[in-house]
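[1] let's see this in three dimensions:
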Amino acid sequence: MKKLLISNEAICKYGYGHFKDFNYDQLDSIADDDFKELDDGLLIIKYDGDILVQATETDETFNDIESIRYEIELIYHSQFFQMKSICENSGIKYQTYRNWKNNKQSFGIDKIKKMLNTMIQVSKSIESSLIELNPMTLETNEHVVIGNRYRFSELWTGDGDGEELLDSGSIALWSDRLDEEIIIEFSVIEKDENDILNTLVKVTDIY
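    Have a look, this model is predicted:
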């Protein structure tokens, strides 16, 4: 099975998080049996079907990227969280996490998974609180969510020119939590020529 291998030297130089979006298919069309330099300065070479990502041509020790995927995810996502709080909620000493991150000291995969799960739960909580700021649909009285599909009657009160609103791709709805109008942007999925209220739209942004 073809692998993408990252050298220890590359990890030390760039950090785990740098390799978040690296994958074999992404580099397959670039790599060959001569060293190629990527935009970030890393070197890649193809060897027996595997792709090696190196800091220098003399790197010697490598990791299958899939074997360090949890470490990559934790370091990458840590930039978006207050890690003392994540450690506390995970039951892990913050200094233990810091020693692993900065000094490469031992840090079990069970701890990494626990911290990632805590991040997921915190993210769900944040997402839920943000959604509660969104306007409510007019008929089902549910919070409007980006990516969801709605009949136009869920977003339009019937005031004004419905055709003009559909063409504009945006409409204002009242948010009780914010006590102000919020703009809903949408794309038309399926237009009902006989009854504009039955037109199906997809919400693409809320602001």
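
[2] in the protein, which spans are helices?
    8-14, 24-28, 69-78, 83-90, 94-103, 109-131, 162-168 (DSSP state H).

[3] ok now stretch 155-165, how far from the chain's centre?
    In terms of Cα atoms, centre = their mean, to the nearest Å, the centre of stretch 155-165 is found 34 Å from the chain centre.

[4] buried ones in that stretch, by neighbour count?
    Neighbour-count burial for stretch 155-165, with 16 or more other Cβ atoms under 10 Å as criterion, is recorded at 155-156, 162, 165. All C-beta spots, glycine's among them, are computed from the backbone N, C-alpha and C.

[5] would JSON lines of these with pLDDT and distance to Asp28 be doable?
    Output for the buried residues of stretch 155-165, formatted as JSON lines (pLDDT from 0 to 100; distance: Cβ to Cβ, whole Å):
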{"residue": "Leu155", "pLDDT": "95", "distance to Asp28": "44"}
{"residue": "Trp156", "pLDDT": "93", "distance to Asp28": "48"}
{"residue": "Gly162", "pLDDT": "89", "distance to Asp28": "50"}
{"residue": "Leu165", "pLDDT": "93", "distance to Asp28": "47"}
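
[6] and the furthest pair within these?
    Leu155 and Gly162 (10.4 Å; Cβ to Cβ).

[7] check which strands are paired with the longest strand belonging to the chain and give the direction for each one.
    Longest strand in the chain by number of residues, with DSSP state E as the criterion: strand 180-190. Its sheet considered, strand 180-190 pairs with strand 170-175 (antiparallel), strand 200-206 (antiparallel) by DSSP bridges.

[8] out of the ones you listed, the one nearest Lys2 is which?
    Short answer: strand 200-206, nearest of the strands paired with strand 180-190 by Cβ to Cβ, at 37.5 Å.

[9] hey, C-alpha coordinates of that closest one in CSV?
    C-alpha atoms of strand 200-206 as CSV (Å, rounded to 0.1, in the frame of the first residue of the first chain):
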residue,chain,number,x,y,z
LEU,A,200,-37.1,25.8,-2.5
VAL,A,201,-34.1,27.7,-1.5
LYS,A,202,-30.8,26.9,0.3
VAL,A,203,-29.4,29.3,2.9
THR,A,204,-25.7,30.1,2.1
ASP,A,205,-24.9,32.8,4.6
ILE,A,206,-26.3,34.6,7.7
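
[10] show me what counts as buried in that strand.
    201, 203, 206.

[11] any idea how far Val188 is from the first one?
    The reference is to Val201. From Val201 across to Val188, the span is 6 Å (Cβ to Cβ, to the nearest Å).
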